[in-house]
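Trainee: quick one, structure for this:
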Amino acid sequence: MNSRIALALLCSLLMPLIVPVPSSSSDMPTILSMRKRAQVRDAWLASRLDKVIPDLMRREGVDLWVLIAREYNEDPVVETMLPATWMSARRRTVLMFSDPGPEGTVERLAVSRYDVGENFTGAWDQSMEPDQWKRIAEIVAERSPKKIAVNISPTFALADGLSSSQAESFRSALPELYRERIITGERLAIGWLETRIPQELVVYPSICRIAHRIIAEGLSSKVIQPGVTTTSDVRWFYRERIRDLKLTAWFHPSVSIQRNEEVEGSFLSNFISKDRVILPGDLIHIDFGITYLGLNTDTQQHAYVLLPGEKDAPEGLRDGMKIGNRMQDILTANFVVGRSGNEVLSRSLARARSEGINPMVYTHPLGFHGHGAGPTIGLWDQQEGVPGRGDYELFPHTAYSIELNVAVKIPEWGNQEIRIMLEEDAIFTGDEVRYLDGRQTELILIP
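Mentor: You can find the predicted model right below:
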C-alpha cells in the first residue's frame, strides 16, 4: 500500500480524538460592540444620503427615484438605506428621492406610516388619504418629474429589487402622463451600492485586516496538525472563529489541497472538494469572507505544509506566487475610469499571454455585498467577456476583489501543473488600485 495512503487512513482513525484549538491574535484590530456598530453605520448612512444621492441623480439626469419594498422581501438597495436598528422594512416601505435641480436640496420622503429613521421624513397622513398608492401618485404629480426611476433591471440582480406586483400597482396608481416617464433605475442603484465614501474607506482596511488575521490563525500549527487535521476541520474552525468574534460569514469558507503526484482536477474542484486529511508537502488554498459594519471581504490565499527537513516551500511554488502577483499587477494596471469590465478583462488577458502567463480572471466589485454592484471583470467560465454586467464602466471610489488564477508547472513536482489562486480586496481611487490591507506575496508556511 502506498505510504501516503496508509498515513491518510491512519489519520482518519485519529481525527475524532483531536480537535484544533482556536487561536488568539494580539494584533487583531478592535471589533466594536453592536451598539457602536449601529452608531457608525447610521452616521455613514446619513453622509452617504447627503453626498452620494445628489451626485448620482444629477449624473444620470433623474429627478425622481422611487424605491418600493415590503417586509421580508426588501429591495437590496432599500436594505442599505434602513436605520441600523431596523432588521427589515415595515409592511410596504416606499422611499422617494426628488431632485429640484443643482441649486436645490434632494428631498427624501418616506410614504410610510412614520419616518424611516432620521433620514426620511414621513409623507403619508392616513387620516387625510387612507390609500397609500393614491398618496404616492399625489406626491409624483406634485413634483411633476421628467424621469421616474424604479429598480427594474434585466442585467443586475442588485438593481432589480422592485417585485412585479408592486411595479404593476405603482404603474396603475399613476396617471398615464407619468407612466410614460418611468425608466430603469439600474445605474442609480448600482452607483449607490458601489460608491464608497471617505468614512468607509478609513475603516475598510481594518475590516480586511481582521479577515487576514483570521485566515492566518487557521493556516497555522495552532489549528493544523499535518496528518490529522482535515480541510473540513479548518473550514469549521473559521466558521466558529468568526462567530466567536461576533462577526458573520457571507459564504462558507473553502479549503482545498493541491498535492504532488496528483493529476490536476477541474477548476471547480478547488472550491467544492471533498474532505481530505492535510499532509506534509500539501499546497493549501483558502477562500474566505466576512461581513462587518455592513461591508464585506473576499480573500484567497495559499499555505504550504513543510516536509520533514524543509525550511521553505519548493522554488517552483514560490515562483508561481510571483507569477500570480505579476498577473495582479497586469490586471490592476488596466483599471481606467470609463473603461468597461470587458475591456479591462480583454486587455489584461492579452498582456498576460504575451508574457507567457496562463491566466484566468474573475474579478468582481465588493462592498455592501460580497459579489457586489459594478462591472464584472470576467467569470471563470466566461473569459471572452460577460455581456451586460461586463459592459458597465468603472467609476472612482469603488472597491473590488482582485480575483484570478494562473496555471504554472512545478519542476519539483515533475512539471505537474497547478493553479495559484489569489484574491485580495482593493479600492479603485480613479487614479490607482490600492490594496486595502496589502496582498499575499509569499506562501504561508506550516511546520
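Trainee: where in this structure is pLDDT low?
Mentor: Scanning the chain for pLDDT under 70 picks out 1-26, 263-273.
Trainee: that one: helices as residue ranges?
Mentor: Here the chain has its helices, by DSSP state H, at 3-14, 34-60, 76-79, 132-143, 164-173, 176-179, 186-194, 198-218, 231-244, 315-333, 341-354.
Trainee: can you give me how far the fifth one is from the chain middle?
Mentor: In terms of Cα atoms, centre = their mean, to the nearest Å, the centre of helix 164-173 is set 31 Å apart from its chain centre.
Trainee: surely residue 205 meets residue 436?
Mentor: Yes. Residue 205 is within contact range of residue 436, at 4.6 Å (criterion: Cβ atoms under 8 Å). Every C-beta, even on glycine, is put in place using the N, C-alpha and C of the backbone.
Trainee: neighbour count for these two, which is higher?
Mentor: Of the pair residue 205 and residue 436, residue 436 is the one with more neighbours under other Cβ atoms under 10 Å, namely 22 against 17.
Trainee: tell me how many other residues surround the closest residue to residue 376 other than its chain neighbours.
Mentor: Spatially, and ignoring its direct neighbours in sequence, residue 376 is nearest to residue 389 (4.0 Å; Cβ to Cβ, 6 or more residues apart in numbering). Residue 389 has 23 neighbouring residues, counting by other Cβ under 10 Å.
Trainee: so how far is residue 446 from residue 389?
Mentor: Look at residue 389 and residue 446: by Cβ to Cβ, to the nearest Å, they are 38 Å apart.
Trainee: before we move on, what about residue 194?
Mentor: Applying Cβ to Cβ to residue 194 and residue 446 gives a distance of 37 Å.
Trainee: list the contacts for the residue nearest to residue 376?
Mentor: 155-156, 341, 375-376 (Cβ atoms under 8 Å, 6 or more residues apart in numbering).
Trainee: now the residues you listed in a markdown table, with neighbour count and distance to residue 302?
Mentor: Listed next are the contacts of residue 389 as a markdown table, based on neighbours: other Cβ atoms under 10 Å; distance: Cβ to Cβ, whole Å:
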| residue | neighbour count | distance to residue 302 |
| --- | --- | --- |
| 155 | 14 | 34 |
| 156 | 21 | 32 |
| 341 | 25 | 26 |
| 375 | 26 | 27 |
| 376 | 24 | 25 |
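Trainee: out of those residues, who's nearest residue 262?
Mentor: Nearest to residue 262, judged by Cβ to Cβ, of the contacts of residue 389 is residue 376 at 31.9 Å.
Trainee: list the contacts for that closest one?
Mentor: Residue 376 touches 341, 364-365, 386, 389-390, 392, counting by Cβ under 8 Å, 6+ apart.
Trainee: comparing residue 194 and residue 446, which residue is more hemmed in?
Mentor: Using other Cβ under 10 Å, the more surrounded residue of residue 194 and residue 446 is residue 194, with 26 against 20.
Trainee: was I right about that one contacting residue 372?
Mentor: Yes. In this structure, residue 194 is within contact of residue 372 by Cβ under 8 Å, at 6.5 Å.
Trainee: overlap of the contact sets of those two?
Mentor: 365, 399.
Trainee: can you tell me the centre-most residue of this protein?
Mentor: residue 370 (2.0 Å; Cα atoms, centre = their mean).
Trainee: that residue touches residue 294, doesn't it?
Mentor: No. Assessed by Cβ under 8 Å, residue 370 is found out of contact with residue 294, at 12.0 Å.
Trainee: now the common contact residues for those two.
Mentor: Going by Cβ under 8 Å, 6+ apart, no residue sits against residue 370 while also sitting against residue 294.
Trainee: ok, now which ones touch the residue nearest to the centre of the chain?
Mentor: Neighbours of residue 370 in contact, by Cβ under 8 Å, 6+ apart: 250-251, 289, 291, 296, 298, 401.
Trainee: repeat for residue 323
Mentor: For residue 323, counting by Cβ under 8 Å, 6+ apart, the contacting residues are 357, 406, 408, 420.
Trainee: how close does the first one get to residue 323?
Mentor: Applying Cβ to Cβ, the value for residue 357 to residue 323 is 6 Å.
Trainee: common neighbours of those two, please.
Mentor: residue 406.
Trainee: not counting sequence-adjacent ones, nearest residue to residue 250?
Mentor: residue 370 (4.5 Å).
Trainee: repeat for residue 412
Mentor: residue 314 (4.0 Å).
Trainee: count of neighbours near the one you found?
Mentor: Residue 314: 19 neighbours (other Cβ under 10 Å).
Trainee: surely it touches residue 409?
Mentor: No. Checked against Cβ under 8 Å, the pair residue 314 and residue 409 is beyond contact range at 11.9 Å.
Trainee: only C-alpha atoms, please: export stretch 312-322 in PDB.
Mentor: What follows is stretch 312-322, C-alpha atoms only, in PDB (Å, rounded to 0.1, in the frame of the first residue of the first chain):
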ATOM      1  CA  ASP A 312      10.900  26.700   2.700                       C
ATOM      2  CA  ALA A 313       8.400  25.800   0.000                       C
ATOM      3  CA  PRO A 314       9.800  24.400  -3.300                       C
ATOM      4  CA  GLU A 315      11.200  27.100  -5.600                       C
ATOM      5  CA  GLY A 316       8.600  26.200  -8.200                       C
ATOM      6  CA  LEU A 317       5.700  27.100  -5.800                       C
ATOM      7  CA  ARG A 318       7.400  30.300  -4.800                       C
ATOM      8  CA  ASP A 319       7.900  31.300  -8.400                       C
ATOM      9  CA  GLY A 320       4.200  30.500  -9.000                       C
ATOM     10  CA  MET A 321       3.300  33.100  -6.400                       C
ATOM     11  CA  LYS A 322       5.400  35.700  -8.200                       C
END
